[in-house]
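Peer 1: Would you be able to build a 3D model of this:
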Amino acid sequence: MSAVDLAARIIPGESAAGFQLGLRLADMDAEVTSARKWGAGDGSLSAAIFSSSDWLVVDAADLGQRGEIRIYYGNGAVELHFSAAGVLYEVSVFSGYEGRFLDEIAIGGDAAKVREVAELFFDEGDEMYYPEDGSGFNGIAFLIEEDDGGAGVESIAGISVHDWSMR
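Peer 2: The predicted structure is shown next:
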């Protein structure tokens, strides 16, 4: 499976971009697993991600992290995180992704909409905002950035759908 859906609904703890959490790396199409690979000696990872409109495969060991695999698509619009056991445990989406959470919360949208549906707390380690326990929303996090104009408007720069127990 390798069909990316840049307009797929975002479902916390389940799916985004057309990928279900729990998918096995071995079940990905050869188009993906044989795609261009980035290594530590290949220059800037962010430059490679943002200049690759197709698939880019990264062994997280090259980043000094445990033996996970990350796969990027669409100039960084979609990021798939596979555990060392080859299980998809996180799908993150960024600029270029058009799918929505709750039919109204999207990349580039006003972060105030997220705060209307759940109280959030900031995790300094992940640098992401998570819904508070008891909010009814598990398995989702938001990358929220303040606009450059200093007006105090916050926008959604990224959304992570995850199940940490699969890691």
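
Peer 1: Any figure for the gap between E90 and M28?
Peer 2: Remark: distance between E90 and M28 (Cβ to Cβ, to the nearest Å) = 15 Å. Quick note: C-beta positions are derived from backbone N, CA and C, even for glycine.

Peer 1: Then A35?
Peer 2: Per Cβ to Cβ, A35 is found 10 Å from M28.

Peer 1: for S51, same thing?
Peer 2: S51 is 22 Å from M28, by Cβ to Cβ.

Peer 1: Give me the more crowded residue out of these two.
Peer 2: The neighbour count for S51 versus M28, taken as other Cβ atoms under 10 Å, is higher for M28 (23 against 11).

Peer 1: Ramachandran angles for the more buried one?
Peer 2: phi -70, psi 150 (degrees, to the nearest 10).

Peer 1: gap between the closest residue to G158 other than its chain neighbours and A35?
Peer 2: Here the nearest residue to G158 in space, its sequence neighbours aside, is L143; by Cβ to Cβ, 6 or more residues apart in numbering that works out to 3.4 Å. Distance, L143 to A35, by Cβ to Cβ: 25 Å.

Peer 1: And the strands in the chain?
Peer 2: Remark: strands assigned in the chain by DSSP state E are 15-16, 19-20, 36-38, 56-59, 69-73, 78-82, 88-93, 100-101, 105-106, 120-123, 128-131, 140-146, 154-162.

Peer 1: what pLDDT, on average, does the third one get?
Peer 2: The average pLDDT for strand 36-38 rounds to 90.

Peer 1: ok, now the last one?
Peer 2: Taken as a whole, strand 154-162 carries a mean pLDDT of 97.

Peer 1: what residues does stretch 26-44 touch?
Peer 2: Here stretch 26-44 makes contact (Cβ atoms under 8 Å, 6 or more residues apart in numbering) with 1-2, 25, 45, 48, 52, 54-59, 62-63, 71, 86.

Peer 1: How far does it sit from its chain's centre?
Peer 2: 17 Å (Cα atoms, centre = their mean, to the nearest Å).

Peer 1: residues of it that come out buried?
Peer 2: The neighbour-count check on stretch 26-44 (16 or more other Cβ atoms under 10 Å) flags 28, 32-33, 35, 38 as buried.

Peer 1: okay, how far is it across that stretch, tip to tip?
Peer 2: Distance between the two ends of stretch 26-44: 27 Å, counting by Cα to Cα, to the nearest Å.
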